[in-house]
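1. next input, structure requested:
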Amino acid sequence: MSNSAHIIEVTAENFAAVVDRSMQVPVLVDFWAAWCQPCKALLPIVEKLAAEYQGRFLLAKVNIDEQQALANQFGVRSVPTVKLIRDGRIVDEFSGALPESQVRAFLDKHMEQPADKYLAAAEQAWQSGDTVQAEAILRQVMREIPEDRRAQLMLAELLAIGGNTDEASQLLASLPADVALSPQAEALRARLSFTAAATGAPDIDTLQQMLTANPQDSQARYQLAARLVLAGDPEGALEQLLELLRRDRSWGDDAGRKGMLQIFDLLGGQGDLVNRYRRLMFTAMH
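-> So this is what the prediction gives:
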């Protein structure tokens, strides 16, 4: 028997209680056998993580030679087999001995992170229109849980939408590479680029009049695209950038094509609008 409160040896008699525990924390069920060499490699890893995570998950060890009925009930065909139970049901699993980094990543997908409840509160405040409260919560998370960069990215988005593009850009620039390349960061970077292009530009009506008078005015066309995307009209913006690409591809170091790609980022990189204008973009380029 384990002397850790976070590790339990599972039997048919106590298994129902183990499943009940999954209503409070994830339960990692490790089916193993004494004769299994990969099991001997995996067991120290999951036991170490159970101690490190300090109750954020329960490790339930099932010796299949002693608990054959449980192994059969869960369809275990080889060992080690690991199943994760949340709220009374299996939500994920893997087989074989994984390295510690992969086991940790497997767990973290299903683990409540320390910042989760604060980020949820910030999101709720933001959605209700209390951006001051949302900003305060996000700054607190950045101070107290700096390793969780979701707050930094969320604050950058909040500031960008509110017009504080300088600090938003600084926050984006200081993100680690893995977060900086995320779809959310790419979309925010695109928004900041369009915000910069629209700063000091005429309004939409004036820009449209300028283009009616001079369709070759590439700067006005790009500024109009920026104004349109910030006004919530990505299709109108894409149409202007496509026209810029067709008329004057060299302007602004291929700004038409690059601008279209940025809008694709803003739209999440998928959907009918993205697919349609991606095809039109490729056609215009050839």
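
2. pull the CA atoms of the helix or strand of the chain with the lowest mean pLDDT into PDB?
-> Across the helices and strands of the chain, mean pLDDT, DSSP states H and E gives its lowest value to helix 177-180, namely a mean of 84. What follows is helix 177-180, C-alpha atoms only, in PDB (Å, rounded to 0.1, in the frame of the first residue of the first chain):
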ATOM      1  CA  ALA A 177       7.700  31.900 -28.400                       C
ATOM      2  CA  ASP A 178       5.100  29.100 -28.000                       C
ATOM      3  CA  VAL A 179       2.400  31.500 -26.800                       C
ATOM      4  CA  ALA A 180       3.400  34.300 -29.300                       C
END
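
3. give me the contact list for that helix.
-> For helix 177-180, the surrounding residues in contact (CB atoms under 8 Å, 6 or more residues apart in numbering) are Arg149, Gln152, Leu153, Leu172, Ala185. In short, each C-beta sits where N, CA and C put it, glycine included.

4. what's the following helix or strand after that helix?
-> helix 183-198 (DSSP states H and E).

5. mind listing what's buried in whichever helix or strand comes after that following helix?
-> From helix 183-198 onward toward the C-terminus, using DSSP H and E, the following helix or strand is helix 204-213. By neighbour count on 16 or more other CB atoms under 10 Å, the buried set for helix 204-213 is Ile204, Leu207, Gln208, Met210, Leu211.

6. pLDDT on helix 204-213, on average?
-> For helix 204-213, mean pLDDT rounds to 97.

7. what is that helix packed up against?
-> Applying 3 or more CB pairs under 8 Å, 6 or more residues apart in numbering; DSSP states H and E, one finds that helix 204-213 makes contact with helix 218-230.

8. thinking again about what came up before, from the chain's centre, how far out does the least confident helix or strand of the chain sit?
-> 11 Å (CA atoms, centre = their mean, to the nearest Å).

9. pick out the most distant pair among the contacts of helix 177-180.
-> Arg149 and Leu172 (10.8 Å; CB to CB).

10. can you show me the strands along the chain?
-> Secondary structure of the chain, counting by DSSP state E: strands at 7-9, 27-32, 58-63, 81-86, 89-95.

11. so which of the ones you listed is the most packed in?
-> Comparing these by mean neighbour count (mean count of other CB atoms under 10 Å), strand 27-32 ranks first with a mean of 24.

12. neighbouring strands of that strand in the sheet, and parallel or not?
-> strand 58-63 (parallel), strand 81-86 (antiparallel) (DSSP bridges).

13. can you pull the contacts of Leu42?
-> For Leu42, the contacting residues are Asp30, Trp32, Pro80, Val82, Ala97, Leu98, Val103, by CB under 8 Å, 6+ apart.

14. any chance of those in CSV, with pLDDT too?
-> Listed next are the contacts of Leu42 as CSV, based on pLDDT from 0 to 100:
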residue, pLDDT
Asp30, 97
Trp32, 97
Pro80, 97
Val82, 97
Ala97, 95
Leu98, 95
Val103, 95
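
15. done for today, thanks.
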